[in-house]
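> model this:
(4 chains)
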Number of protein chains: 2
Amino acid sequence: MSLLQAANTRERLLQAAAALIWERGYQATGVDELCARAEAKKGSFYHYFPSKIDLAIAAIESTWQQVENGVFKPIFSTDLSGMEQLSQLVAKVSELLLVNTGDRKMILGCPFGNLGQEMALHDERIRVVLQNIFSAHCAYIESALNKAQREAEIPAGDNAQRAKNIFALLEGCLLLAKVDKDLNVFRHTMPVVRLMASA
Amino acid sequence: MSLLQAANTRERLLQAAAALIWERGYQATGVDELCARAEAKKGSFYHYFPSKIDLAIAAIESTWQQVENGVFKPIFSTDLSGMEQLSQLVAKVSELLLVNTGDRKMILGCPFGNLGQEMALHDERIRVVLQNIFSAHCAYIESALNKAQREAEIPAGDNAQRAKNIFALLEGCLLLAKVDKDLNVFRHTMPVVRLMASA
DNA sequence: TATAATATTTACTGACCGGTCAACTATACG
DNA sequence: CGTATAGTTGACCGGTCAGTAAATATTATA
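This is a model prediction of the structure:
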């Protein structure tokens, strides 16, 4: 098998891990199951990653990279107004948490929030990775608030703090949607975001 | 052993389950471990509960009962103003999520939010129980908003929706605090709650 | 082509998990 | 009493889990 295909094996493991951990969580995802999904043998798994938790860390970092490039950068580098950027983010979020898991569309919640809730107290390395990813989320939100403030869309204020609160609200809505099996929560969150940005 | 002591065994199992599941989550809590903490043998466990998940359900319902009687009812039956009730709730929440686990004080987050994130997609029974508990939370918040509205503390508005958003914000802050290992998020959330109540 | 490094495969641990079972003990009640 | 019922105990499953080992195959390099 060529180096290209070899790289594919690692990539497939990463992708399978990201998908399965998002669907079922870290602990409920078995290594065997994961290998099956990646069409790799367990030996290969442990050739590329020293342990299950190392794969999880690599997978979540890879997921964030994809989300950042596929969602955040496109939205926050447009010349839309700051508030319009945030509006697009909320729309994207409430559309992305509904995922095709093969059998059904399910509300999986936030891949980072899920993992944080499950693993932050169990593994310090994962906790720190997630903390940084959360931080990155907030930085994007803050940048939009700064833009909105520059363009006099919102009054001056502590945008870093505003960003954190907005992010917390979003994560909370994600949890509510998951437990309620209902996306309707999100139909009312953008007005609240506007409010939080304006005070 | 008397009936009284027998009742104690069941109660000890419930209490141990509530504590351990809050600390480590459902899946990371072993039946053996749980029995050890409750000073009961595994046979006794399965005498009182048909399965691990049944104990978890009973434990989370029991936890909610305690929280409702120990936190919600005392706060929301005072004759404090609606907004002052909410302020007390936020204060209580940010104080209760910091728990002595024996070795250290740790930020465990919300027992219901944690379990919902972990189990909502795995077990439909737990999901429904948690959905109802969330609903109950929101009802208390809504009652305070209604009071505040009656007493002209806040303008008229959709208090049910406001309550949901406030609850989501709180759950999000709980998650942030846990992942950041830092309670400071809560120093800025009451002003936001006031804001959300007033729009 | 020889050789070394990398990748894949198969088979296999050993520990742990939730759950079962049957024997034993204590209590309640007629 | 005696007997049914409730509670307790410790030994014991079968399955699953993350992780390992060693042989084999593939590729890169010279």
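> mind listing what A:Leu96 touches?
A:Val71 (C-beta atoms under 8 Å, 6 or more residues apart in numbering or on different chains). For glycine as for every other residue, the C-beta is placed from the backbone atoms N, C-alpha and C.
> A:Thr78 now?
So A:Thr78 contacts A:85, A:88 (C-beta under 8 Å, 6+ apart).
> and the pLDDT for it?
pLDDT, A:Thr78: 97.
> give the buried residues for stretch A:21-34.
A:21-29, A:34 (16 or more other C-beta atoms under 10 Å in any protein chain shown).
> give me the number of residues near A:Val90?
19 (other C-beta atoms under 10 Å in any protein chain shown).
> how close does it sit to B:Gln161?
A:Val90 sits 16 Å away from B:Gln161, going by C-beta to C-beta, to the nearest Å.
> the residue of chain A found nearest DNA strand C: which element?
Nearest residue of chain A to DNA strand C, counting by C-beta to the nearest atom of the strand: A:Gly43, 2.3 Å away. Assigned by DSSP states H and E, A:Gly43 belongs to helix A:42-48.
> mind giving me the packing neighbours of that helix?
On a contact count with 3 or more C-beta pairs under 8 Å, 6 or more residues apart in numbering or on different chains; DSSP states H and E, helix A:42-48 meets helix A:3-24, helix A:31-38.
> of these, which is nearest chain B?
helix A:3-24 (7.2 Å; C-beta to the nearest C-beta).
> which parts of that closest one are buried?
Quick answer for helix A:3-24 (16+ other C-beta under 10 Å): A:8-10, A:12-24.
> contacts with chain B among those residues, please.
By C-beta under 8 Å from any C-beta of the partner chain, the members of the buried residues of helix A:3-24 lying near chain B are A:23-24.
> out of the buried residues of helix A:3-24, who's near DNA strand C?
With C-beta under 7 Å from any atom of the strand as the criterion, the buried residues of helix A:3-24 include A:Thr9 near DNA strand C.
> where along chain A do the helices fall?
A:3-24, A:31-38, A:42-48, A:52-67, A:73-76, A:82-96, A:111-119, A:124-150, A:159-180, A:189-197 (DSSP state H).
> any chance of these in a markdown table, plus distance to B:Gly102?
What follows is those, written out as a markdown table (distance: least, C-beta to C-beta, whole Å):
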| stretch | distance to B:Gly102 |
| --- | --- |
| helix A:3-24 | 29 |
| helix A:31-38 | 31 |
| helix A:42-48 | 35 |
| helix A:52-67 | 24 |
| helix A:73-76 | 44 |
| helix A:82-96 | 38 |
| helix A:111-119 | 20 |
| helix A:124-150 | 18 |
| helix A:159-180 | 28 |
| helix A:189-197 | 38 |
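> for B:Val128, which of these is the nearest?
For B:Val128, the closest of the helices of chain A is helix A:159-180, at 9.3 Å, according to C-beta to C-beta.
> tell me what angle that closest one forms with helix A:124-150.
With axes from the mean of the first three to the mean of the last three C-alpha atoms, to 10 degrees applied, the angle from helix A:159-180 to helix A:124-150 works out at 120 degrees.
> pLDDT weak spots in chain A?
A:1-7 (pLDDT under 70).
> now the helix holding A:Gly43 - C-alpha only, CSV.
Taking C-alpha atoms only, helix A:42-48 is exported to CSV below (Å, rounded to 0.1, in the frame of the first residue of the first chain):
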residue,chain,number,x,y,z
LYS,A,42,-6.9,-2.5,15.3
GLY,A,43,-3.2,-3.1,14.7
SER,A,44,-3.2,-0.2,12.3
PHE,A,45,-5.0,2.0,14.9
TYR,A,46,-2.3,1.5,17.4
HIS,A,47,0.3,2.0,14.7
TYR,A,48,-0.9,5.5,14.2
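> tell me the buried residues in that helix?
A:44-45, A:48.
> other residues contacting that helix?
Helix A:42-48 is contacted from outside by A:9-10, A:13, A:31-32, A:34-35, A:38, A:55, using C-beta under 8 Å, 6+ apart.
> go on, stretch A:108-119?
Stretch A:108-119 has contacts (C-beta under 8 Å, 6+ apart) with A:18, A:21-23, A:25-27, A:56, A:60, A:63-64, A:67, A:93, A:97-99, A:101, A:126-127, A:130, A:133-134, A:137, A:170-171, A:174-175, A:177-178, B:25, B:109, B:113-114, B:117-118, B:121, B:175, B:178-179.
> filter the residues you listed to the buried ones?
Among the contacts of stretch A:108-119, those classed as buried by 16+ other C-beta under 10 Å are A:18, A:21-23, A:25-27, A:56, A:60, A:63-64, A:67, A:93, A:97, A:99, A:126-127, A:130, A:133-134, A:137, A:170-171, A:174-175, A:177-178, B:25, B:109, B:113-114, B:117-118, B:121, B:175, B:178-179.
> what's the burial count for A:Gln66?
By the criterion of other C-beta under 10 Å, A:Gln66 has 12 neighbours.
> residues contacting A:Leu175?
A:109, A:113, B:113, B:116-117, B:168, B:171-172, B:175.
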